[in-house]
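1. curious how this folds, go ahead:
(one chain, ligands or ions: 1)
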Amino acid sequence: MSDASLAARSAALDLLRDVLRKSIPFDDAFDAHPELRGLDPRDRGFVRLLVATVLRRLGQLDALIQGSLAKPGLPKATVHDILRLGAAQLVFLGTPAHAAVDTAVELAAAKGAEPYKGLINAVLRRIGREGVELAAQQDAGRLNTPDWLWLAWRQAYGIARTRGIVEAHLHEAPLDITVKADPAAWAERLEATLLPTGTLRRPTGGGVTELPGFAEGAWWVQDLAASLPAKLFGDLAGKRVYDLCAAPGGKTAQLVAHGAQVTAVDRSAKRLERVRENLTRLNLTAEVLAADAATWTPDQPADAVLLDAPCSATGAIRRHPDILRVKTPEDVAKLAKAQSRLLAHAVDLVKPGGTLIYCTCSIQPEEGEAQIDRILARDPRIERLPIEPGELGSGPSSGPSSGPSSGPSSGNAGDADLAELLNERGEVRSLPGMLGGLGGIDGFFVARLRRLHD
Ligand SMILES: C[S@@+](CC[C@H](N)C(=O)[O-])C[C@H]1O[C@@H](n2cnc3c(N)ncnc32)[C@H](O)[C@@H]1O
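-> Numbering: from 1, shown residues only. Modelled structure (predicted):
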């Protein structure tokens, strides 16, 4: 095995430990790893894919490993992780058997697991022979989903939708792009599909920053679902908008591009740097402010407030499979409390007659529908303003209030049934697995409220 090859697998092993045993989010662990920066981009890409594949397919891999052990019971943590990395390469990444097995054995030697070399060799040789066929017979979606999430989703959405969610998690999400203007022309330049919402979609892979238009600030990366909330305010030209919990600024950019005067508020000064960088690249201007949005009190109320509350992000598992492994029911309960505080305060910041949009990228009802139930029951100053299916179909060039007929054509994407994304209360409740014909969508919740009086 070459030095680079060993270094890549060694880094993958460290990252797996960070996520699985220290509950560090994968992106943070990846950015902080001291040796990854020294690897060439191809090897770094391999490490990312390998670890993401293990996290996405952990239940399947563990079942295959258990089934291949001579004696039941799991080996010690490092050995277990080396087996997971080896098995992922053999079963899901198409690595030739000799390469996957030899590198795993060498990694064991390098990581002080010398006595386990024989076991690793035997288990991986067996998985190399039988693994692909066995994996094809597994209940992949169920095996890869922690029980607490499976049960919560089944209770909230029923078995068929839950199956749709967990099947969608098996695949990496496409790259979605929001453009400042002229989506049809950019779709052509970027060789992307123009979706009926105005989002451009490309397969993942390749460097985003090298794509045409990135350096000149013509567009930014934003999932189709995440692009919906900012479009639901109606005409924003000249309006004052408070964008609460704004970093890294995808929705701030949309609001500014729609002509609003935006104050972007986030608690994290470090994450606000990203907002500033993004706005500078996009040549857009907003006031950027570090503050706790649960207590921040501006001089005057706004015409519109967007609260994109911190959440468990269980709607974004396709992009971040580590969420399956690091989040817990306790996290959801804690976040739901923070969301309630933020939402209660956000109502105070909207003018009578103004609009408040609450959204999260979670598919846990506690972080979505339940928040709206609670605020509507407690605060008589607001009412729900149901979202109509036609409002989801207008793209950035046509303005947020112009309706589907004047939005970008569905182009080569065909007409999708965007009404699928709305619940019966007029809220966006997208689930991974919806819009499958277009390549799917992240899970998201969006509710629109109107402030009635003081
Ligand atoms: C879901 S992200 C926001 C994504 C962003 N709106 C976008 O479209 O790019 C949630 C953000 O909430 C911020 N946050 C969490 N608690 C906060 C609080 N109490 N006040 C302000 N910001 C907070 C986090 O720092 C994080 O940047």
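
2. count the neighbours of L149 for me.
-> L149 has 23 neighbours, counted by other CB atoms under 10 Å. Where you see a C-beta, it was placed from the backbone N, CA and C, and this is true even at glycine.

3. doesn't R325 make contact with it?
-> No - L149 is beyond contact range of R325, at 10.8 Å (criterion: CB atoms under 8 Å).

4. any idea how far A370 is from the closest residue in space to A215 that isn't next to it in sequence?
-> Among residues not flanking A215 along the chain, T209 sits closest, at 7.3 Å (CB to CB, 6 or more residues apart in numbering). To A370, T209 is 39 Å away according to CB to CB, to the nearest Å.

5. so for these two, which sits in the more crowded spot?
-> Per other CB under 10 Å, whichever of T209 and A370 has more neighbours is A370, with 14 against 8.

6. which ones are touching that one?
-> Contact partners of A370, counting by CB atoms under 8 Å, 6 or more residues apart in numbering, are A336.

7. from E210, how far out is A100?
-> Going from A100 to E210 by CB to CB gives 30 Å.

8. neighbour count: the two, which is higher?
-> Neighbour count, other CB under 10 Å: between A100 and E210, A100 has more, with 24 against 8.

9. what helix or strand is the more buried one located in?
-> A100 belongs to helix 97-110 when assigned by DSSP states H and E.

10. for that helix, what is the average pLDDT?
-> What helix 97-110 shows for mean pLDDT is 94.

11. what packs against that helix?
-> Secondary-structure packing of helix 97-110 (3 or more CB pairs under 8 Å, 6 or more residues apart in numbering; DSSP states H and E): helix 3-22, helix 77-91, helix 117-137.

12. orientation of it relative to helix 77-91 in degrees?
-> On the basis of axes from the mean of the first three to the mean of the last three CA atoms, to 10 degrees, helix 97-110 is oriented at 170 degrees to helix 77-91.

13. how far away is R21 from L50?
-> Distance, R21 to L50, by CB to CB: 17 Å.

14. okay, those two: which has more neighbours?
-> L50 (24 against 11).

15. what's the nearest residue to the more buried one if we skip its chain neighbours?
-> A12 (5.0 Å).

16. ok, that neighbour - how many residues close by?
-> 27.

17. wait, it touches T53, no?
-> No - using CB under 8 Å, A12 and T53 do not qualify as a contacting pair, with a distance of 9.9 Å.

18. who's in contact with the residue nearest to L50?
-> A12 makes contact with 47, 50-51, 54, 85 under the criterion CB under 8 Å, 6+ apart.

19. hey, what's in contact with both of A12 and T53?
-> Both A12 and T53 lack any common contact, where contact means CB under 8 Å, 6+ apart.

20. quick check, pLDDT for the spatially closest residue to E391 that is not a sequence neighbour.
-> Sequence neighbours aside, L232 is the residue nearest to E391 in space, at 5.9 Å (criterion: CB to CB, 6+ apart). On the pLDDT scale, L232 is placed at 97.

21. who's in contact with L232?
-> Counting by CB under 8 Å, 6+ apart, L232 has contacts 357, 387, 391, 400, 446, 448.

22. so where's the stretch 351-454 of the chain uncertain?
-> The model of the stretch 351-454 of the chain has pLDDT under 70 over residues 394-416.

23. burial count for whichever residue of it sits closest to the ligand?
-> Here the stretch 351-454 of the chain gets closest to the ligand at one residue, C361, 6.2 Å apart by CB to the nearest ligand atom. C361 has 25 neighbours, counted by other CB under 10 Å.

24. same question, N144
-> Look at N144: counted by other CB under 10 Å, it has 24 neighbours.

25. let's see the pLDDT reported for the closest residue to K111 other than its chain neighbours.
-> Closest residue to K111 apart from its sequence neighbours, by CB to CB, 6+ apart: T78 at 5.7 Å. With respect to pLDDT, T78 scores 94.

26. what does G205 give?
-> For G205, pLDDT reads 74.

27. name the SS class of A346, please.
-> Assigned state for A346: helix (three-state reduction, DSSP: H, G, I helix; E, B strand; the rest coil).

28. just checking, it touches L244?
-> Yes - with contact defined as CB under 8 Å, A346 counts as touching L244 (6.1 Å).

29. list residues touching both of those two?
-> Counting by CB under 8 Å, 6+ apart, the residues touching both A346 and L244 are 293, 305, 307.

30. the last one - that's part of a helix, no?
-> I take that to be L307. No - checked against three-state DSSP, L307 lies outside a helix; its state is strand.

31. D147 versus that one, what's the distance?
-> Distance of L307 to D147, given as CB to CB: 31 Å.

32. likewise Q89?
-> The gap separating Q89 from D147 is 27 Å, by CB to CB.

33. would you mind telling me which of the two has the busier surroundings?
-> Comparing Q89 with D147 by other CB under 10 Å, the one with more neighbours is Q89, at 28 against 8.

34. what number of residues lie near S227?
-> 24.

35. how about the residues of the stretch 301-450 of the chain by the ligand?
-> Residues of the stretch 301-450 of the chain lying close to the ligand by CB under 6 Å from any ligand atom are 308, 310.

36. hey, where'd the helices end up in the stretch 301-450 of the chain?
-> Along the stretch 301-450 of the chain, the segments classed as helices by DSSP state H, counting those that start in this stretch run 323-326, 329-348, 369-378.

37. the ones you listed: which one's closest to A136?
-> helix 323-326 (21.3 Å; CB to CB).

38. pull the residues that contact the closest one.
-> 19-20, 23-25, 55-56, 58, 144-146, 149, 169, 312-314, 316-317.

39. narrow these to those that are buried.
-> 19-20, 24-25, 55-56, 58, 144-145, 149, 169, 312-314, 316-317 (16 or more other CB atoms under 10 Å).

40. and which of those is nearest to R129?
-> Nearest to R129 out of the buried ones among the contacts of helix 323-326 is L58 (CB to CB; 21.6 Å).

41. state the distance from the closest residue to the closest one other than its chain neighbours to the ligand.
-> Excluding the flanking residues, the one nearest L58 by CB to CB, 6+ apart is N144, at 6.2 Å. For N144, the distance to the ligand equals 24 Å [CB to the nearest ligand atom, to the nearest Å].

42. just checking, N144 touches L170?
-> Yes - the pair formed by N144 and L170 meets the contact definition of CB under 8 Å, at 7.3 Å.

43. which residues do these two both contact?
-> Listed contacts common to N144 and L170 are 56-57; contacts here mean CB under 8 Å, 6+ apart.
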